[in-house]
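Undergrad: Pasted the sequence and its predicted model underneath.
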Amino acid sequence: TPQIQSFHLRAANSGKDATVAGGSMADGARVIQLPATALNDQGFVPLPFGSGYVIVNVNSNKVLDTDGGSTAVGAPVVQHTFGPTVPEVASQVWFLTNTGSTAVFTNYKSGLALEVAGASTADGAPLIQDAVNGAADQNFTGIPVGVPATTSTSSTSSTSSTSSTSSTSSTSSTSTTSTTVAGSGG
């Protein structure tokens, strides 16, 4: 059964996780960094889109975007409803470039990298886009969160024996998916 794995996007420079500010469900809500929690506002699911990914927040089901689709250096990274037109989607697609144990997220439309503003290590520091430089504030690690949710409704009516087998499969999938996100080529 196909499974979807969510991840925390942990900044290499601060060890803090990308978070939708205040757990907001609104379009345009800023993405900031905070210490890791078990809340869904820090969970993101990378979904393949062409040769890149759209990064979906688990709490809001909205995707990472640049504010207003901006291509400007320093533009805030926000969450927004996906699409529906090509101009809107262009700023919602991110390429992942493997940098070893981390990845740099580069925006398709702007060509700029996801970054912790000012290389800050402070709680609440905003995520922005900036010229790609490979610094630690542009490197993120995908930390698997929990057991992947299945995309099939049949698992709801599974017996406990089947559920146990599914759990073992999920653990294996988690390890494989983690490598894919942190080590995806761009």
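TA: Sure, I can see it.
Undergrad: So which residues of the chain form helices?
TA: 86-90, 160-182 (DSSP state H).
Undergrad: any idea of the mean pLDDT for the shortest one?
TA: Just to be clear, that refers to helix 86-90. Across helix 86-90, pLDDT averages out at 91.
Undergrad: Alpha carbons of that helix, as PDB, please.
TA: What follows is helix 86-90, C-alpha atoms only, in PDB (Å, rounded to 0.1, in the frame of the first residue of the first chain):
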ATOM      1  CA  VAL A  86       0.900  28.000 -13.900                       C
ATOM      2  CA  PRO A  87       2.100  31.400 -12.600                       C
ATOM      3  CA  GLU A  88       1.100  30.500  -9.100                       C
ATOM      4  CA  VAL A  89       2.500  26.900  -9.200                       C
ATOM      5  CA  ALA A  90       5.900  28.100 -10.400                       C
END
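Undergrad: gap between that helix and the chain center?
TA: 18 Å (CA atoms, centre = their mean, to the nearest Å).
Undergrad: From Gly111, how far out is Val77?
TA: Distance, Val77 to Gly111, by CB to CB, to the nearest Å: 15 Å. The C-beta positions use only the backbone N, C-alpha and C, and glycine is treated the same way.
Undergrad: Look at the two and report which has more neighbours.
TA: Using other CB atoms under 10 Å as the criterion, Val77 and Gly111 rank with Val77 on top: 26 against 12.
Undergrad: so who does that one touch?
TA: Arg30, Val31, Leu64, Asp65, Thr66, Asp67, Leu114, Pro126, Leu127, Ile128, Gln129 (CB atoms under 8 Å, 6 or more residues apart in numbering).
Undergrad: would you list every one of the strands in this protein?
TA: Taking DSSP state E as the criterion, the chain carries its strands at 3-11, 17-20, 31-34, 44-49, 52-57, 63-66, 77-80, 94-98, 103-107, 113-116, 127-130, 140-150.
Undergrad: In TSV: those strands, plus mean pLDDT and distance to Glu88.
TA: As requested, those are exported to TSV (pLDDT from 0 to 100; distance: least, CB to CB, whole Å):
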stretch	mean pLDDT	distance to Glu88
strand 3-11	92	22
strand 17-20	98	19
strand 31-34	98	17
strand 44-49	96	13
strand 52-57	97	11
strand 63-66	98	8
strand 77-80	98	8
strand 94-98	96	14
strand 103-107	98	13
strand 113-116	98	18
strand 127-130	98	16
strand 140-150	78	23
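Undergrad: would you list those strands in JSON lines and tack on distance to Val86?
TA: Shown next, in JSON lines, are the strands of the chain (distance: least, CB to CB, whole Å):
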{"stretch": "strand 3-11", "distance to Val86": "25"}
{"stretch": "strand 17-20", "distance to Val86": "25"}
{"stretch": "strand 31-34", "distance to Val86": "23"}
{"stretch": "strand 44-49", "distance to Val86": "12"}
{"stretch": "strand 52-57", "distance to Val86": "13"}
{"stretch": "strand 63-66", "distance to Val86": "14"}
{"stretch": "strand 77-80", "distance to Val86": "15"}
{"stretch": "strand 94-98", "distance to Val86": "16"}
{"stretch": "strand 103-107", "distance to Val86": "15"}
{"stretch": "strand 113-116", "distance to Val86": "21"}
{"stretch": "strand 127-130", "distance to Val86": "19"}
{"stretch": "strand 140-150", "distance to Val86": "26"}
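Undergrad: Cheers, nothing more for now.
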